[in-house]
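[1] How does the following fold in three dimensions:
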Amino acid sequence: MAGNTYVLNLYVGLPNTEPDGSSPVAGWPPTVRVYLTAGSGGAQVAAFDIRSPGRGQFLPNLISFNAPYNFAFAGQNIGVLIFVNAAPNGYSATFDIAPAVPTEIVVN
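    This next block holds a predicted model:
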């Protein structure tokens, strides 16, 4: 909806080992990007580069997008696409998406 701010809490992690529990992870992938998409064709609405949370960390990363009043995709569903370029082998990233908790505003 035009004029709205959309917030997504994307948790990102850099594990110490691969899922086998023993193979070490080489590091954070060269490119980790979150795309917001619209409509059934997946048109790009916005893109956000995600930085490494640090080895062995799993931290929240708040994604915020303000849909302008002339928003071309008003009325369409917004989707999330996570792109990870993990080449060369051994790079890893983990993700979890949670709803952002709205902040209560108290007016006196």
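
[2] so L36 touches S64, yeah?
    No: L36 sits out of contact with S64 when judged by Cβ atoms under 8 Å, with a separation of 10.5 Å. Just so you know, the C-beta spots here come from the backbone N, C-alpha and C atoms, and that holds for glycine as well.

[3] Now for these two: what residues contact both?
    Residues touching both L36 and S64 (Cβ atoms under 8 Å, 6 or more residues apart in numbering) are Y6.

[4] Between these two, which has more neighbouring residues?
    L36 (20 against 11; other Cβ atoms under 10 Å).

[5] Flag every buried residue along the helix or strand hosting the more buried one.
    In the assignment (DSSP states H and E), L36 maps to strand 31-38. Going by neighbour count (16 or more other Cβ atoms under 10 Å), the buried part of strand 31-38 is V32, V34, Y35, L36, T37, A38.

[6] Then stretch 76-91?
    So stretch 76-91, judged by 16+ other Cβ under 10 Å, has buried residues Q76, I78, V84, Y91.

[7] and the nearest residue in space to N89 that is not next to it in sequence, how many neighbours?
    Distances taken as Cβ to Cβ, 6 or more residues apart in numbering put A26 closest to N89, at 7.6 Å, once the chain neighbours are dropped. The local packing of A26 (other Cβ under 10 Å) involves 13 other residues.

[8] swap in the one 3 residues further on?
    Per other Cβ under 10 Å, the neighbour tally for P29 reads 20.

[9] Now do the same contact list for it.
    The neighbourhood of P29, defined by Cβ under 8 Å, 6+ apart, consists of V84, N85, A86, Y91, S92, A93.

[10] hmm, try it at 7 Å
    Applying Cβ atoms under 7 Å, 6 or more residues apart in numbering, one finds that P29 lies in contact with V84, N85, A86, Y91, A93.

[11] List just the nearest of the residues you listed to G56.
    Nearest to G56 among the contacts of P29, counting by Cβ to Cβ, is A93 at 12.9 Å.

[12] Next, work out how far apart that closest one and N77 are.
    Per Cβ to Cβ, to the nearest Å, A93 is found 25 Å from N77.

[13] Next: T31.
    26 Å.

[14] Show me which pair in the buried residues of strand 31-38 is furthest apart.
    Farthest-apart pair in the buried residues of strand 31-38 is V32 and A38; separation 21.3 Å (Cβ to Cβ).
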